[in-house]
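>>> return atomic coordinates for the entry below.
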Amino acid sequence: MIVRLLLPALVASALVATSALAQDLGIRVGEKAPLAALETLEGKPANLSTYIGKQPVLLQFWATWCSNCKALEPAMKAAQAKYRGKVSFVGVAVSFNQSPQRVKLYAKKHGMTHAVLYDRTGDASEAYDVPATSYIVVIDRKGTVVYTGVGGKQDIDKAIRKAL
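Numbers count the residues shown, from 1 in each chain. As a prediction, the model looks like this:
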């Protein structure tokens, strides 16, 4: 599982280091969003079903060590402020080379106010066929994927508007 997640992440990150794109990697636009099992940063069970199908959702598959994820932070914070109460933002921390404690410390230090869940088993990453960290999936209120993208310069606002 680690090799399956890491190798494509490194290749995709190298190919799209700073470009913003919707691509043919990962879950396809138009598919129903999977309801994957995760856990909270305190180790309690969590599931994406808590968010999907109620209002639009933006999922970001990320890691504390991901430079593209860091590049997305300002756009993510701006979108959260603009769409507060209208869109659920969920950070899905991949488990490769990081622990829930490390993720928790990073989230606190960087002022992350959205939900942050931990993908210890890789179930969510596998369900969404995540090609790399910095992978964004936007889901409309019906539970349909309307956008996917990877890289540090994605147009988060434009992606969210597709779900509204």
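
>>> use CA for all of it now, contacts and neighbours both
Will do.

>>> can you show me the helices along this structure?
Applying DSSP state H to the chain gives helices spanning 2-15, 67-82, 100-109, 123-127, 156-161.

>>> now render these as a markdown table, adding distance to Arg141, mean pLDDT and mean neighbour count.
Shown next, in a markdown table, are those (distance: least, Cα to Cα, whole Å; pLDDT from 0 to 100; neighbours: other Cα atoms under 10 Å):
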| stretch | distance to Arg141 | mean pLDDT | mean neighbour count |
| --- | --- | --- | --- |
| helix 2-15 | 28 | 43 | 15 |
| helix 67-82 | 17 | 96 | 17 |
| helix 100-109 | 26 | 96 | 15 |
| helix 123-127 | 19 | 96 | 19 |
| helix 156-161 | 11 | 97 | 17 |
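
>>> which of these sits closest to Leu25?
helix 2-15 (9.0 Å; Cα to Cα).

>>> could I get the contacting residues of Gly30?
By Cα atoms under 8 Å, 6 or more residues apart in numbering, the residues touching Gly30 are 144-146.

>>> for these, pick the one with the most neighbours.
Val145 (24 neighbours; other Cα atoms under 10 Å).

>>> tally up the residues packed near the nearest residue to that residue once chain neighbours are set aside, please.
Nearest non-adjacent residue to Val145, counting by Cα to Cα, 6 or more residues apart in numbering: Ile139, 4.4 Å away. Using other Cα under 10 Å, the number of residues around Ile139 comes to 32.

>>> give me the beta-bridge partners of Ile139?
Using DSSP bridges, the bridge partners assigned to Ile139 are Val57, Val145.

>>> show me what contacts it?
33, 52, 56-58, 145-147, 163.

>>> dump those residues into CSV; add pLDDT and distance to Lys70 as well.
Below are these laid out as CSV (pLDDT from 0 to 100; distance: Cα to Cα, whole Å):
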residue, pLDDT, distance to Lys70
Ala33, 98, 25
Ile52, 97, 25
Pro56, 98, 23
Val57, 98, 20
Leu58, 98, 16
Val145, 98, 24
Val146, 98, 23
Tyr147, 98, 20
Ala163, 97, 24
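
>>> any idea which of these is the one closest to Met112?
Leu58 (14.2 Å).

>>> surely the closest one touches Val92?
No - if you go by Cα atoms under 8 Å, Leu58 and Val92 don't touch, sitting 10.3 Å apart.

>>> so for the residue nearest in space to the middle of the chain, what's the pLDDT?
Among the residues of the chain, the one closest to the centroid is Gln60, at 1.3 Å (Cα atoms, centre = their mean). The model reports Gln60 with a pLDDT of 98.
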